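Trainee: sequence first, predicted coordinates after that:
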Amino acid sequence: MRYAQIAVMISLTVLLVSCQDGPTPQPKERTETMVQTNGNTLVIIETSMGTIKAQLWADKTPQTVSNFLGYVDKKFYDGLIFHRVINGFMIQGGGMNANMQPKATDKPIKNEAAPGLSNNRGTLAMARTSDINSATAQFFINLADNDFLNQKSSKPAEFGYCAFGEVVEGMDVVDAIGKVKTHTAGPYDDVPVDTVEIKSIRRAE
């Protein structure tokens with residue numbers, strides 16, 4: 001079931017009691033990440049396994065980036081973890097602490113997924129439930145070109161996961177996190193055996 005084929009864009013594995021699911025995996029060949037620099041905001045993600053630098057697409061997904069930076073500026077992510085890791089698919093974090101307890105968030109935002117905003121390898125995207133407008137703080141980083149997560153139409157079953165930025169440095173760190181050993185912790189699958197902490201996320205100066 002964990003790697004079952006996806007026919008509709010809903011999460012089959014409930015990961016947060018606070019109503020935040022991530023995407024469900026579909027095996028796909030990994031490709032190299034693309035890199036762009038167009039003047040958008042850069043953030044530094046410090047993890048217990050290394051540093052990741054990401055560019056956020058405020059010009060393409062303004063509400064999503066504003067929401068994410070709101071959490072960044074409040075230091076919301078400090079001390080949270082990557083709580084869901086599936087090698088060859090994605091790493092997800094920004095909602096759980098090391099004890100797998102969810103952190104309270106602000107209100108959900110509108111889903112800005114759109115054709116052309118692809119969930120390619122190295123892109124950051126918002127995690128959500130089957131409710132297309134349920135994203136809050138949780139995000140994931142794609143480890144492969146996950147085309148099945150892209151916007152297909154305005155129908156709820158074909159609505160995409162909103163990609164809102166991409167890794168420009170530290171993809172080796174993302175890949176290393178993607179390869180950590182995982183297990184089932186209580187009701188949660190794909191949890192790293194050794195905690196992968198998000199030490200901080202800050203705007204790059």
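Mentor: Looks like it came in fine.
Trainee: report all helices and strands that the helix ranked longest in the chain contacts.
Mentor: Longest helix in the chain by number of residues (criterion: DSSP state H): helix 62-73. In terms of contacts (3 or more C-beta pairs under 8 Å, 6 or more residues apart in numbering; DSSP states H and E), helix 62-73 is packed against strand 50-56, strand 163-169, strand 197-203. Heads up, the C-betas are built off the backbone N, CA and C, glycines and all.
Trainee: which element, helix or strand, includes the residue positioned nearest the centre of the chain?
Mentor: Geometric centre of the chain, nearest residue: residue 140, 1.1 Å, by C-alpha atoms, centre = their mean. Per DSSP states H and E, residue 140 falls inside strand 139-142.
Trainee: that strand pairs with which strands?
Mentor: strand 90-93 (antiparallel), strand 123-126 (antiparallel) (DSSP bridges).
Trainee: closest to residue 67 out of those?
Mentor: Closest of the strands paired with strand 139-142 to residue 67 is strand 123-126, at 8.4 Å (criterion: C-beta to C-beta).
Trainee: distance from the closest one to the middle of the chain?
Mentor: The chain centroid and the centroid of strand 123-126 are separated by 5 Å under C-alpha atoms, centre = their mean, to the nearest Å.
Trainee: let's see it as CSV, backbone CA atoms only.
Mentor: C-alpha atoms of strand 123-126 as CSV (Å, rounded to 0.1, in the frame of the first residue of the first chain):
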residue,chain,number,x,y,z
THR,A,123,11.4,21.8,-5.6
LEU,A,124,9.7,22.7,-2.3
ALA,A,125,6.0,22.2,-2.2
MET,A,126,3.2,22.5,0.4
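Trainee: quick one: average confidence on that strand?
Mentor: For strand 123-126, mean pLDDT is 98.
Trainee: nothing else from me, thank you.
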